[in-house]
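[1] sequence unknown, structure follows:
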């Protein structure tokens, strides 16, 4: 979608909801490497010029990018998007970054102008019959492809087995990837080949959608350690044959030796009560231990450590609002995610 198709309706809605005038001073060429547009907003005798970054969706994985943009524009930036999840809006406000959502929800704070609107209905971009790629099953498919992009050129039957999805879904998933610009057709040894395109963008969107769409379905519950020393020795007191994978902050700690976890994330298909006994944890809705079921095919996707695959560890940490987690994610990406 072209930037103007998001920018112009959003500014019109802003005026309708708030009475604020926003004039487009310049729309930057799509070849730009900086911003999308420059606007002037005015209220009464007050006016202010802002540099605009336009996104179809603005999700948590883009936070580091947004913060860098703020630095490069000396803070005179406004994010305009069709949809911004509530946690992202909260974080943008806490960082003092202005935004406008297509629904009219907005936060604008400049010298002489302050406005905050959050009562407009802003339904998220939903998966339709044509966008099953971002539903839970599609997320599993994408993870398998991101783990091994050569999988795209395998048989549909092998793709379905590797990803753990129904054979009948594979063709439509590949079609949607092509439609969204994540797969292109190339040639190798005079044979038509599918190639993964825009991989970094795909990973970051997958990270956000995983947190919102698939991860909640894998969550078994929350627990706490019985004893303080078990929490302190979380990685050493676990039996080696238990069959668990450490995820999120705990995976980050193991893979980088940089992070001290506050939340202890365990993925396992083992019996819940057996896990409670061996991990020495008890149910607690406010506990520091979270238990999830793996969604990937454990016979095919393997990890070198006792962690979830590094790609998943990166995704969970980069979509966090915690700066230390995001920094750990980048260390994982640099070392493990290719």
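    Alright, I've got the coordinates. It should be emphasised that the depicted structure is a prediction, and the values quoted were computed from it without experimental measurement.

[2] domain-wise, how is the protein divided?
    3-117, 132-197, 202-336 (automatic domain parsing).

[3] got a markdown table for the ones you listed, with mean pLDDT and mean neighbour count too?
    C-betas here are computed from N, CA, C, even on glycine. Below are the domains of the chain laid out as a markdown table (pLDDT from 0 to 100; neighbours: other C-beta atoms under 10 Å):
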| stretch | mean pLDDT | mean neighbour count |
| --- | --- | --- |
| domain 3-117 | 85 | 17 |
| domain 132-197 | 92 | 16 |
| domain 202-336 | 91 | 18 |
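
[4] is residue 42 in a helix, a strand, or coil?
    Assigned by DSSP: H, G, I helix; E, B strand; the rest coil, the conformation of residue 42 is strand.

[5] show me what it is bridged to.
    Residues in a beta bridge with residue 42, per DSSP bridges, are residue 21, residue 47.

[6] quick one: the helices in the stretch 151-300 of the chain, in order.
    156-163, 170-179, 199-209, 215-218, 228-232, 248-256, 272-279 (DSSP state H, counting those that start in this stretch).

[7] give me the angle between the second one and helix 199-209.
    Per axes from the mean of the first three to the mean of the last three C-alpha atoms, to 10 degrees, the angle that helix 170-179 makes with helix 199-209 is 120 degrees.

[8] so what touches helix 170-179?
    By C-beta atoms under 8 Å, 6 or more residues apart in numbering, the residues outside helix 170-179 that reach it are 130-133, 138, 141-142, 145, 152, 156, 159-160, 163, 165, 183-185, 194.

[9] repeat that for the third one.
    Residues from elsewhere that reach helix 199-209 (C-beta under 8 Å, 6+ apart): 57, 59-62, 85, 134, 139, 142-143, 146, 149, 182, 196, 311, 314-316, 318-319, 337.

[10] quick check: closest non-adjacent residue to the residue nearest the centre of the chain.
    With distances taken as C-alpha atoms, centre = their mean, residue 208 lies nearest the centre of the chain, 1.9 Å away. Leaving aside its chain neighbours, residue 208 sits nearest to residue 59 (3.6 Å; criterion: C-beta to C-beta, 6 or more residues apart in numbering).

[11] now that neighbour: how far from residue 137?
    20 Å (C-beta to C-beta, to the nearest Å).

[12] and residue 8, by the same measure?
    Taking C-beta to C-beta, one finds residue 8 at 36 Å from residue 137.

[13] and if you look at residue 85?
    From residue 85 to residue 137 the distance is 22 Å (C-beta to C-beta).

[14] likewise residue 180?
    Separation of residue 180 from residue 137 (C-beta to C-beta) stands at 16 Å.

[15] same question, residue 308
    Taking C-beta to C-beta as the measure, residue 308 falls 19 Å from residue 137.

[16] ditto for residue 288
    On the measure of C-beta to C-beta, residue 288 and residue 137 end up 31 Å apart.

[17] what of residue 158?
    For residue 158, the distance to residue 137 - C-beta to C-beta - is 17 Å.

[18] ok, now residue 179?
    Taking C-beta to C-beta, one finds residue 179 at 17 Å from residue 137.

[19] again, but for residue 174
    Taking C-beta to C-beta as the measure, residue 174 falls 14 Å from residue 137.

[20] what do you get for residue 255?
    Distance from residue 255 to residue 137, by C-beta to C-beta: 28 Å.

[21] now do residue 210
    13 Å.

[22] who does the closest residue to residue 281 other than its chain neighbours bridge with?
    Counting by C-beta to C-beta, 6+ apart, residue 281 lies nearest to residue 223, which is 4.0 Å off, once chain neighbours are set aside. Counting by DSSP bridges, residue 223 forms beta bridges with residue 283, residue 289.

[23] let the chain start at 11 from now.
    All right, first residue 11 from here; so that's residue 233.

[24] hmm, residue 294 and residue 233 touching each other?
    Yes. Using C-beta atoms under 8 Å, residue 233 is in contact with residue 294, at 5.8 Å.

[25] got the contact list for the residue of the chain most remote from its centre?
    What lies farthest from the middle of the chain is residue 55; by C-alpha atoms, centre = their mean that is 40.3 Å. By C-beta under 8 Å, 6+ apart, the contact set of residue 55 is empty.

[26] residue 85 in helix, strand or coil?
    Reduced to three states by three-state DSSP, residue 85 is coil.

[27] quick check: phi and psi on it?
    Dihedral pair for residue 85: phi 90, psi -10, per degrees, to the nearest 10.
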